[in-house]
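Novice: coords please:
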Amino acid sequence: MKVGDICKYMPTSTVGKITDVRSKDGREWALLDFSGLYYDVSFLTPADKSEYREVSYKERERDREQKLRSVEEFAKTAEDVNIDMFMPSGGG
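Specialist: Below you'll find the model as predicted:
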């Protein structure tokens, strides 16, 4: 795998174009433009160009912001949960 190749990460079927390749701890990692994440190249397979959809910077930022909002909403919900009824009451 090399920079510019279109590939698919098999566990999640994520398709992207390789924008960087790095080696660390004896493994090779490829950065996919679709997710902005590095993937172990042993889990990548070549993908057909028809499977690839180029993602603009704006789309990536919008998706990132939506994910952050989801995490913040989940954290807020977790704060609001009353766990008193789940606490041990001692004795036994």
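
Novice: poorly predicted segments of this structure, please.
Specialist: Along the chain, the model assigns pLDDT under 70 to residues 56-57, 59-60, 83-85, 87, 89-92.

Novice: quick one: the strands in it?
Specialist: For the chain, the strands defined by DSSP state E occupy 6-9, 14-24, 27-32, 38-40, 44-46.

Novice: can you lay out those as a markdown table showing mean neighbour count?
Specialist: C-beta coordinates here come from the backbone N, C-alpha and C atoms, glycine included. Formatted as a markdown table, the strands of the chain follow (neighbours: other Cβ atoms under 10 Å):
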| stretch | mean neighbour count |
| --- | --- |
| strand 6-9 | 20 |
| strand 14-24 | 15 |
| strand 27-32 | 18 |
| strand 38-40 | 17 |
| strand 44-46 | 13 |
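
Novice: do you know which of the ones you listed lies nearest D80?
Specialist: With Cβ to Cβ as the measure, strand 14-24 is the member of the strands of the chain nearest D80 (33.4 Å).

Novice: CA atoms of the closest one as PDB?
Specialist: Extracted in PDB, the C-alpha atoms of strand 14-24 (Å, rounded to 0.1, in the frame of the first residue of the first chain):
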ATOM      1  CA  THR A  14     -14.300   2.100   5.600                       C
ATOM      2  CA  VAL A  15     -13.100   3.100   2.200                       C
ATOM      3  CA  GLY A  16     -10.500   5.900   1.800                       C
ATOM      4  CA  LYS A  17      -7.500   7.200   0.000                       C
ATOM      5  CA  ILE A  18      -4.100   6.700   1.700                       C
ATOM      6  CA  THR A  19      -2.600  10.100   2.500                       C
ATOM      7  CA  ASP A  20       0.300   8.900   4.700                       C
ATOM      8  CA  VAL A  21       2.100   5.700   5.500                       C
ATOM      9  CA  ARG A  22       4.200   5.200   8.700                       C
ATOM     10  CA  SER A  23       6.000   2.300  10.500                       C
ATOM     11  CA  LYS A  24       5.900   1.900  14.200                       C
END
